[in-house]
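Participant: Sequence first, then the predicted structure, then my questions.
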Amino acid sequence: MPSGIPATPLAIGAFVFAALGALFLIAALIALFRVRVLGFAVRLLAAVALLALGSLFGAIAIGTQGYRALTREDLAARIVVQPTGAQRFSATVRFPDGREASYDLAGDEIYVDAHILKWRPLANILGLHTEYELARLAGRYRDIEAERRAPRTVYPLGTERPLDLFSLRQQHTFLAPLVDAQYGSATFVPVTERAELEVRVSTSGLLMRDVSAAK
């Protein structure tokens, strides 16, 4: 398996189909060298089909890197917020995989949104189910005029990947039988004092809970 890509069933399938496709391609070239036109055509068609399947599986495996399978309700992140001035606050985000990052935000509220990939029944057969990835962290103003004119602070939360399946699905309708990427979700809460928040995602969307009192 290529480094950096988890050994998921999709990634393994991509590797197997690509390997079989390469073998059939070599067999087709051998048949061509021996002037076996029918054998060449059959092997070439099989090679193209297998390589196409391998490419599809590989693209999905790469495109879903960073996404997490959604169960009933998952903890997506913990955020510690701390006011630092008038309509200013800091936010330290801790992800379940151990990553941590801090941001300076402007506004009255903290805002988080996510991308949701809803796989069709055809893809469910391959073991793909609803997945999510936190996409954006921002400061939000209560007043609409302030939202339009005051300084905006927005940061990406998603991981870098060579292929963004969410954006790819929105651009290309041929993926519609496999996945729906029209669904996003967002949540926001006011920041008036230091607090620890849990960002959770469920089948109905994102929610943010203040868990400071529980500690």
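Facilitator: Received, thanks. Keep in mind the model is a prediction, meaning the values are calculated, not measured. Numbers count the residues shown, from 1 in each chain.

Participant: rest of the way, CA atoms for contacts and neighbours
Facilitator: Noted.

Participant: and the longest helix anywhere in the chain, what does it pack onto?
Facilitator: Ranked by residue count and defined by DSSP state H, the top helix of the chain is helix 37-63. Helices and strands touching helix 37-63, as assessed by 3 or more CA pairs under 8 Å, 6 or more residues apart in numbering; DSSP states H and E, comprise helix 9-33, helix 165-171.

Participant: Setting the sequence-adjacent residues aside, check what's closest to residue 155.
Facilitator: residue 137 (5.2 Å; CA to CA, 6 or more residues apart in numbering).

Participant: sorry, back to before: and the helices and strands packed on helix 37-63, which one's lowest on average pLDDT?
Facilitator: Lowest mean pLDDT within the helices and strands packed on helix 37-63: helix 165-171, at a mean of 56.

Participant: Can you spell out the domain ranges of this structure, please?
Facilitator: Here the domain parsing of the chain from automatic domain parsing is 9-63, 68-214.

Participant: Downstream of the helix or strand hosting the residue nearest to residue 155, the next helix or strand is which one?
Facilitator: Element membership of residue 137, judged by DSSP states H and E, is strand 131-140. Where DSSP H and E defines the elements, the next helix or strand beyond strand 131-140 is helix 144-149.

Participant: which intervals of the protein have sub-threshold pLDDT?
Facilitator: Along the chain, segments meeting pLDDT under 70 span 1-13, 56-73, 118-130, 160-183, 203-204, 214-215.

Participant: give me that answer again for 50
Facilitator: 1, 3 (pLDDT under 50).

Participant: how many neighbours does residue 134 have?
Facilitator: Taking other CA atoms under 10 Å as the neighbour definition, residue 134 ends up with a count of 26.
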